[in-house]
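[1] Have a look at this fold, sequence not included:
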C-alpha cells in the first residue's frame, strides 16, 4: 500500500479497532485529524511500519499494563485515509493517464456514406 501523507494534512480514521488491547487508544472511526508527523517507525513487538502522529492526540509514554515503553508512539498510517473535499476530482485523477503509462492508441474508423 502506498501512503501519500504529509504534515498538516487532514485525514479521517477508518480503523479504530485494536486486537488484544484493552486500554483506549484514543482514535475514533470517522473522526478527522491533522498529521503532525509521518515516517517509518520500528516497534519491537509490531515491527516496522509507516506511522503518523496526530495534532489532536499526544499519546504520552506507553507505560501502562500493556505498554511497551514507547514515547508518543505513532499510529499505523493504514488506519487513516486522506480527507478528500472533492470526491469526483479525486476519482478523475484515477482515470487520468500517468506519465509512465503508455497512452491508449486511438482507433481510426472509416466513415461510409450511403447514396
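    Okay, I see it. As the structure is a computational prediction, the values presented were derived from the model and not from experiment.
[2] Tell me which stretches of this protein form helices.
    Under the criterion DSSP state H, helices of the chain are mapped to 87-95.
[3] Which neighbours in the sheet does the longest strand along the chain have, and how are they oriented?
    Longest strand of the chain, by residue count under DSSP state E: strand 32-43. According to DSSP bridges, strand 32-43 forms sheet pairs with strand 10-13 (antiparallel), strand 47-54 (antiparallel).
[4] so for the first one, what's the average pLDDT?
    Spelled out, it's strand 10-13. In this model, strand 10-13 has an average pLDDT of 96.
[5] do the same with the last one
    Averaging the model's pLDDT scores along strand 47-54 yields 94.
[6] quick one on the thing from earlier: relative to residue 74, which of the strands paired with strand 32-43 is closest?
    Of all the strands paired with strand 32-43, strand 47-54 sits nearest to residue 74, with 2.9 Å by CB to CB. C-beta coordinates here come from the backbone N, C-alpha and C atoms, glycine included.
[7] which of the residues in that closest one are buried?
    50, 51, 52, 53, 54 (16 or more other CB atoms under 10 Å).
[8] likewise stretch 13-27?
    So stretch 13-27, judged by 16+ other CB under 10 Å, has buried residues 13, 27.
[9] And for stretch 74-87?
    74, 75, 77, 79, 80.
[10] and the gap between the closest residue to the last one other than its chain neighbours and residue 20?
    Right, residue 80. In space, residue 80 comes closest to residue 11 once its chain neighbours are excluded; the distance is 4.1 Å by CB to CB, 6 or more residues apart in numbering. When distance is defined by CB to CB, to the nearest Å, residue 11 is 25 Å away from residue 20.
[11] and if you look at residue 76?
    From residue 76 to residue 20 the distance is 15 Å (CB to CB).
[12] Also residue 14?
    20 Å.
[13] In contact with the most centrally placed residue in the chain, which residues?
    Geometric centre of the chain, nearest residue: residue 81, 3.7 Å, by CA atoms, centre = their mean. By CB atoms under 8 Å, 6 or more residues apart in numbering, residue 81 lies in contact with 11, 12, 14.
[14] Tell me the one of the residues you listed nearest residue 38?
    Closest to residue 38, out of all of those and judged by CB to CB, is residue 11, at 9.8 Å.
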